[in-house]
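Novice: sequence-free structure coming up:
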């Protein structure tokens, strides 16, 4: 359909085609809003979702919410680390944009688990999971290097086997974990960009879990739309 | 609801001004006025649709007038690249007069300098800057208001649009302009490398090409995502096949990432989209040329 020349338009009232003005839809469930609706932190919300949002903040114990946030953030971290590793393995580069995706996945996972409350402890949790998710992507490269090292040592000389106790093995694993957590900082200023990239991810995880008090306005009324009459 | 428009007087004034400048050889002034009117209207109103349609028509006119006979060969050859740098040099320098761009650029330069040394850092910053100015030039041409480029150390740089393109074609022109200018910058660096054999120029050309190729990943708000939106299903499949061939030839891992996402988006495309021949051609040229530049071997 050809649009009329805009110069000839009237700007007295907004005009809409036969379907009428766009209906309001609930920001939470995406369904059209009829009758009563609310605005929660500026977002249009239907009556059903208003009560769901409110009750999700109150339900469960703080420990239960923290555990759920840990699980949600953990799943986000695993998915994020898989994406981060895939891009790193394919391209050979650590990319700021991909790090942001990891931060967002973890951040939203934690936020889901916390019932959308957010706050300092959830921010710290999200940041910790994001950091671990990103540094964990270095594990395959470290393992590969260690394997090469062992192979070259084995081919050079046969050393007598040393028996390792469970305690020593545990200690070695702990030291390796600490080393892994420190990897971004081991290269110092040379890895300034790598540290910045991790910083972007941590910032996103932190930002998503900022405490947001519920500001509920309403109820408002919207006129029911007349049903279409078949002709 | 009475649907009375709160900005009626302003809208009527803008319409009068647009009518007064109608018919001028350069339609950009009319485009600017209608875009301002669009900001004041509900997006789904009849008035908004009419004005968006007029803006689309005018911006197509700008494109046809500026690009018609020479466009297919515009990017071919080093001569064209040199001509590009000379003709766009003034525009590139003008971008540096914005304090936000200048300061953030120096901050980024410091970070890259610490990691890679000043020569490579300067080349990298220049590549990113030229890429961003490509977006700025396209936005300016289409009369879309936007911020000056802001550098984000470790991430690149961004230009924030303050108005939105009226259709997928405009979005594609804005999105792909960055990589097109970035390609020109990488070609200049590659030419200097082949003439002088100085490894630093090879490194700048290669990394510049890689960054622009990464921006072509057809997802989200990346340049490739904007360009891909305008393509028909068959054009998207064409790009996917091209990516497979380029990956086979170059073994560049990034192309595999592009291939996977482009393939997914080709299947997910809405049937019946008319497509965009110009965006398709630009995509093909960009992918082929940038992939070739990633093959530059930099002597250590």
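Specialist: Cool, got the structure. Keep in mind that this is a model prediction, so the values were computed, not measured.

Novice: can you tell me how far residue A:64 sits from residue A:216?
Specialist: According to Cβ to Cβ, to the nearest Å, residue A:64 stands 24 Å off from residue A:216. Bear in mind the C-beta positions are built from the backbone N, C-alpha and C, glycine included.

Novice: Sorry, wrong one. I was asking about residue B:184.
Specialist: Residue B:184 is 54 Å from residue A:216, where distance means Cβ to Cβ.

Novice: Between the two, which has more neighbouring residues?
Specialist: It is residue B:184, of residue B:184 and residue A:216, that has more neighbours when counted by other Cβ atoms under 10 Å in any protein chain shown, with 23 against 13.

Novice: Next up, identify which helix or strand that one is on.
Specialist: Here residue B:184, judged by DSSP states H and E, is contained in helix B:168-196.

Novice: got the angle for the next helix-or-strand element following that helix vs helix B:168-196?
Specialist: For helix B:168-196, the succeeding helix or strand toward the C-terminus, using DSSP H and E, is helix B:199-214. Taking axes from the mean of the first three to the mean of the last three Cα atoms, to 10 degrees, one finds that helix B:199-214 is oriented at 160 degrees with respect to helix B:168-196.

Novice: Helix B:199-214 and chain A, are they touching?
Specialist: Yes - counting by Cβ under 8 Å from any Cβ of the partner chain, contacts between helix B:199-214 and chain A involve B:210, B:214.

Novice: right, and the helix or strand after that helix?
Specialist: helix B:223-229.

Novice: and that following helix, what other elements does it pack with?
Specialist: helix B:168-196, helix B:253-267, helix B:277-293 (3 or more Cβ pairs under 8 Å, 6 or more residues apart in numbering or on different chains; DSSP states H and E).

Novice: one more time with 10 Å, if that's ok
Specialist: Using 3 or more Cβ pairs under 10 Å, 6 or more residues apart in numbering or on different chains; DSSP states H and E, the elements in contact with helix B:223-229 are helix B:118-142, helix B:168-196, helix B:199-214, helix B:233-250, helix B:253-267, helix B:277-293.

Novice: Check the gap between whichever residue of the stretch 201-300 of chain B sits closest to chain A and residue A:91 for me.
Specialist: Of all residues in the stretch 201-300 of chain B, the one sitting closest to chain A is residue B:253 (4.0 Å; Cβ to the nearest Cβ). The gap separating residue B:253 from residue A:91 is 5 Å, by Cβ to Cβ.

Novice: Now residue 39: closest residue in space that isn't a chain neighbour?
Specialist: All of this is about chain A. residue A:217 (4.4 Å; Cβ to Cβ, 6 or more residues apart in numbering or on different chains).

Novice: if you could check chain B rather than the one you did, that'd help
Specialist: Among residues not flanking residue B:39 along the chain, residue B:163 sits closest, at 6.6 Å (Cβ to Cβ, 6+ apart).

Novice: Quick check on the one you found: phi, psi?
Specialist: The phi/psi pair for residue B:163 (degrees, to the nearest 10) reads phi -130, psi 160.

Novice: what sits against residue A:38?
Specialist: A:26, A:44-47, A:49-51, A:53-54, A:216-220 (Cβ atoms under 10 Å, 6 or more residues apart in numbering or on different chains).

Novice: can you confirm it is in a strand?
Specialist: Yes - the assignment for residue A:38 by DSSP: H, G, I helix; E, B strand; the rest coil puts it in a strand.

Novice: Just to confirm, what confidence does the model report for it?
Specialist: The model reports residue A:38 with a pLDDT of 88.

Novice: so what's it bridging to?
Specialist: residue A:45 (DSSP bridges).

Novice: Likewise for residue B:156?
Specialist: Here residue B:156 sits in beta bridges with residue B:152, going by DSSP bridges.

Novice: Correct me if wrong: it contacts residue B:135.
Specialist: No - with contact defined as Cβ atoms under 10 Å, residue B:156 and residue B:135 do not form a contacting pair (11.7 Å).

Novice: just to revisit the earlier point, burial measure for the residue nearest to residue A:39, as a count.
Specialist: The tally of other residues near residue A:217 (other Cβ under 10 Å) stands at 11.

Novice: How about the backbone phi and psi for it?
Specialist: phi -120, psi 150.

Novice: residue contacts, it?
Specialist: Residue A:217 neighbours (Cβ under 10 Å, 6+ apart): A:38, A:39, A:40, A:41, A:42, A:45.
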